[in-house]
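Participant: Just a sequence and a predicted model for now, questions to come.
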Amino acid sequence: MRFVLLAAVATALAAPAGAGAATALVDVSVATLWKAPNLARSIDAPSLGNPVDPARWSANLASTADRIWLDSHVQTQALYGQKVVVLARSGGWANVAVVDEPDPQNRYGYPGWLPAKQLVADHGGSATRYAVVTAPTATLRGETPLELSFGTKLPLLRVDAASVTVHAADGTDATLPRAAVRVVPASPKRPTGAQVLAAAKRFLGVRYLWGGLSAWGFDCSGIVWAVYRSFGVTIPRDADPQLRGAGGIHGTPVPRSALRPGDLLFFGSPTYAEHEAIYAGDDLMLEAPDSAHRVRIVPVRWTYFIGARRY
């Protein structure tokens, strides 16, 4: 089965960029998308294989300088099972756009390069319900056990007392612990602000990671994107598109006088949102600040505030 799927991916990657929108699925717990092929350092090796080892990669990024380097080299990440549109290839690398990470850079989704071996063929189909991981991590039990991150969303086949059966990225059936997931419909309700804030608080103390949107490391907009995805909801990937809208998805503007916990706060200049946080009430905010720090709650820096949105 795996050889057939990999052969199908290879066929899709062999197509020229203009030949159509071939799709594939992410086949590792969290794939890192780079700005170009072959940029990674030796310390980034745990992020490049199949499987990946995100915990080891995080340990390798021991210094602030190791992490700041990623700012100019990494685009975003994608979780296991996320659909991508294959745009081009170069050697063993694929240029893809992540479909459910809306962003103005590409009409299909957030673009970047990843090792082609981290993809499997898109088996197609749709589901009426999904299982979304709400634990920080959970073990997918199928042909080979795989640790999945918070926010991973897979088509749901069956719910039992202790487990749920899902459609894995490789097209086989696999299970997740029932207590580790939320069952959501294909068109879910948006979470309340209180739910957004409570979910984000679970990651206080997690190290910042540029481009990160998994339990092994978040950037400022990645934690917001992941929290909404844990409820089955897709919002734009980056701070500025979350403020201004992307992919037809727009939040509701909220004046400072009407802020409620869970609203999204944006900071920067009038023309570009460089940072965001989640309002925590009482002039406090939850943020993934920068490569020198961890997810934290701090006073709102109103000097740099440029607007708020409620999704």
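Facilitator: Arrived safely.
Participant: Low-confidence stretches in the stretch 1-150 of the chain?
Facilitator: 1-20 (pLDDT under 70).
Participant: so which strand or helix has the closest residue to Leu259 other than its chain neighbours?
Facilitator: Closest residue in space to Leu259, ignoring its immediate chain neighbours: Tyr279 at 5.2 Å, by C-beta to C-beta, 6 or more residues apart in numbering. From N, CA and C alone the C-beta is placed, and that goes for glycine too. For Tyr279, the enclosing helix or strand under DSSP states H and E is strand 272-281.
Participant: Beyond that strand, next helix or strand please.
Facilitator: Beyond strand 272-281 on the C-terminal side, the first helix or strand identified by DSSP H and E is strand 284-287.
Participant: show me the contacts for the residue of the chain most remote from its centre.
Facilitator: Distance from the C-alpha centroid of the chain peaks at Ser257, with 31.1 Å (C-alpha atoms, centre = their mean). If you count contacts by C-beta atoms under 8 Å, 6 or more residues apart in numbering, Ser257 has none.
Participant: Am I right that it sits in a helix?
Facilitator: Yes: secondary structure of Ser257 (DSSP: H, G, I helix; E, B strand; the rest coil): part of a helix.
Participant: Which pLDDT value does the model give it?
Facilitator: Here, the pLDDT recorded for Ser257 equals 97.
Participant: what bridges to the most centrally placed residue in the chain?
Facilitator: By C-alpha atoms, centre = their mean, the mean C-alpha position of the chain lies nearest to Leu213, the distance being 4.1 Å. Beta-bridge pairing for Leu213 (DSSP bridges): Phe218.
Participant: Just to check, it is in contact with Val74?
Facilitator: No: when contacts are counted by C-beta atoms under 8 Å, Leu213 is not listed as touching Val74 (11.3 Å).
Participant: Report the secondary structure state of the residue nearest to Gly142 when sequence neighbours are not counted.
Facilitator: Distance criterion C-beta to C-beta, 6+ apart; nearest residue to Gly142, sequence neighbours excluded, is Ala174 at 3.1 Å. Reducing the assignment at Ala174 to three states with three-state DSSP gives strand.
Participant: Quick one: residues contacting Ala174.
Facilitator: For Ala174, the contact set (C-beta under 8 Å, 6+ apart) comprises Leu140, Arg141, Gly142, Glu143, Thr165, Val166, His167, Ala168.
Participant: how close does it get to Asp240?
Facilitator: Separation of Ala174 from Asp240 (C-beta to C-beta, to the nearest Å): 37 Å.
Participant: just Tyr110 next, same as before
Facilitator: Using C-beta to C-beta, Tyr110 is found at 13 Å from Asp240.
Participant: likewise Gly268?
Facilitator: In this view, Gly268 and Asp240 are 8 Å apart by C-beta to C-beta.
Participant: what's the closest non-adjacent residue to Gln105?
Facilitator: Pro111 (5.5 Å).
Participant: Report how many residues lie close to the one you found.
Facilitator: For Pro111, the neighbour count with other C-beta atoms under 10 Å is 22.
Participant: got the contact list for the strand holding Tyr279?
Facilitator: 193, 196-197, 200, 220-221, 223-224, 227, 239-240, 242-244, 259-268, 285-287, 289, 297, 300, 304, 306-308.
Participant: Report the buried members of the residues you listed.
Facilitator: Taking 16 or more other C-beta atoms under 10 Å as the criterion, what is buried in those is 193, 196-197, 200, 220-221, 223-224, 227, 239-240, 242-244, 259, 261-268, 285-287, 300, 306-308.
Participant: Out of these, list just those in helices.
Facilitator: The helices, defined by DSSP state H, take in 193, 196-197, 200, 220-221, 223-224, 227, 239-240, 242-244 from the buried ones among the contacts of strand 272-281.
Participant: As a check, name the ranges of all strands in the stretch 1-150 of the chain.
Facilitator: Under the criterion DSSP state E, counting those that start in this stretch, the stretch 1-150 of the chain contains strands at 22-26, 30-34, 74-79, 83-90, 93-98, 110-115, 119-121, 129-133, 137-140, 146-149.
Participant: As PDB, could you dump the C-alpha coordinates of the first one?
Facilitator: What it means is strand 22-26. Below are the C-alpha coordinates for strand 22-26, written out as PDB (Å, rounded to 0.1, in the frame of the first residue of the first chain):
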ATOM      1  CA  ALA A  22      -2.400  18.000  -7.900                       C
ATOM      2  CA  THR A  23      -3.000  17.400  -4.200                       C
ATOM      3  CA  ALA A  24      -1.300  15.300  -1.500                       C
ATOM      4  CA  LEU A  25      -1.600  14.900   2.300                       C
ATOM      5  CA  VAL A  26       1.000  15.500   5.000                       C
END
